[in-house]
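Colleague: Curious how this folds, go ahead:
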Amino acid sequence: MKLNRIILLVFLVLSLVGCATTSSGPVSYQDPGAAKPLTTNFGFSDLNQIAANMVNDMLSHPATVDITRSRRPLVVVGKIQNRTDQHIDTKSITDSISTLVLRSGKFRFSHIDSRQQIKDEIDYQNYSGMVNRQTATAEGQGIGAEYIITGKLAAFIARTSRTTEKSYVFTMRLINLQTHVIEWAHEVPIRKVRNRNFFGS
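Modeller: Residues are numbered from 1 along each chain as shown. The predicted structure is shown next:
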């Protein structure tokens with residue numbers, strides 16, 4: 001009798017494990033650009049849309065075409081202001097935009113987030129006593145950026161008894177650091193609407 005209970009218990013445990021393994025279904029790769037929004041929150045597909053739109057507009061703008069006609073100006077990307085009620089990884093936005101612009105071959109970039117790491121490495125080469133001074137990177141040889149890219153993400157919410165509408169507006173500017181002149185500016189709006197079902201959920 002005791003053996004039967006043990007066998008039954010083992011069978012139940014294996015059944016539960018099998019259900020837990022198969023209930024979620026198979027996983028497959030999908031095209032990131034074809035991702036459909038699941039909520040009105042800012043998501044990965046919105047990031048891709050913003051990055052592509054911003055870069056295409058900036059690179060084709062007459063002012064940008066003029067300043068990159070015969071050289072590759074050095075640009076630094078500032079922090080994106082998040083003026084929404086949602087936690088958004090704005091660093092991912094700047095990374096996507098700077099990568100696309102850099103791959104265009106029109107600009108060079110100075111990476112803000114790497115500055116401390118660069119300083120630490122240069123200090124190590126010059127002051128640790130572990131590196132041949134003839135091969136150490138000299139201090140004060142960095143090139144100053146000519147332009148800075150700034151940005152802001154804002155959100156607006158509207159609700160009715162049947163729908164929730166959330167609109168995002170992403171604004172970006174290319175500013176000349178010496179003259180403080182805004183050479184280029186653009187904004188990308190994104191509108192997402194969710195319809196409630198009959199029961200209002």
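Colleague: The chain: strands as residue ranges?
Modeller: 74-83, 108-110, 147-159, 163-176, 182-195 (DSSP state E).
Colleague: Now mean pLDDT, distance to residue 65 and mean neighbour count too, for those strands, in JSON lines please.
Modeller: C-betas here are computed from N, CA, C, even on glycine. What follows is the strands of the chain, written out as JSON lines (pLDDT from 0 to 100; distance: least, CB to CB, whole Å; neighbours: other CB atoms under 10 Å):
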{"stretch": "strand 74-83", "mean pLDDT": "91", "distance to residue 65": "15", "mean neighbour count": "17"}
{"stretch": "strand 108-110", "mean pLDDT": "90", "distance to residue 65": "17", "mean neighbour count": "16"}
{"stretch": "strand 147-159", "mean pLDDT": "90", "distance to residue 65": "14", "mean neighbour count": "17"}
{"stretch": "strand 163-176", "mean pLDDT": "90", "distance to residue 65": "12", "mean neighbour count": "18"}
{"stretch": "strand 182-195", "mean pLDDT": "89", "distance to residue 65": "10", "mean neighbour count": "15"}
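Colleague: Export the ones you listed to JSON lines and append columns for distance to residue 48.
Modeller: Output for the strands of the chain, formatted as JSON lines (distance: least, CB to CB, whole Å):
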{"stretch": "strand 74-83", "distance to residue 48": "15"}
{"stretch": "strand 108-110", "distance to residue 48": "20"}
{"stretch": "strand 147-159", "distance to residue 48": "15"}
{"stretch": "strand 163-176", "distance to residue 48": "12"}
{"stretch": "strand 182-195", "distance to residue 48": "11"}
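Colleague: Among the ones you listed, which comes closest to residue 93?
Modeller: Judged by CB to CB, the one of these that comes nearest to residue 93 is strand 74-83, at 5.5 Å.
Colleague: What strands line up against that closest one, and which way round?
Modeller: Paired with strand 74-83 in the same sheet, following DSSP bridges, are strand 108-110 (parallel), strand 147-159 (parallel).
Colleague: right, and the ones you listed - which one's nearest residue 63?
Modeller: Checked against CB to CB, the stretch from those lying closest is strand 147-159, at 10.7 Å.
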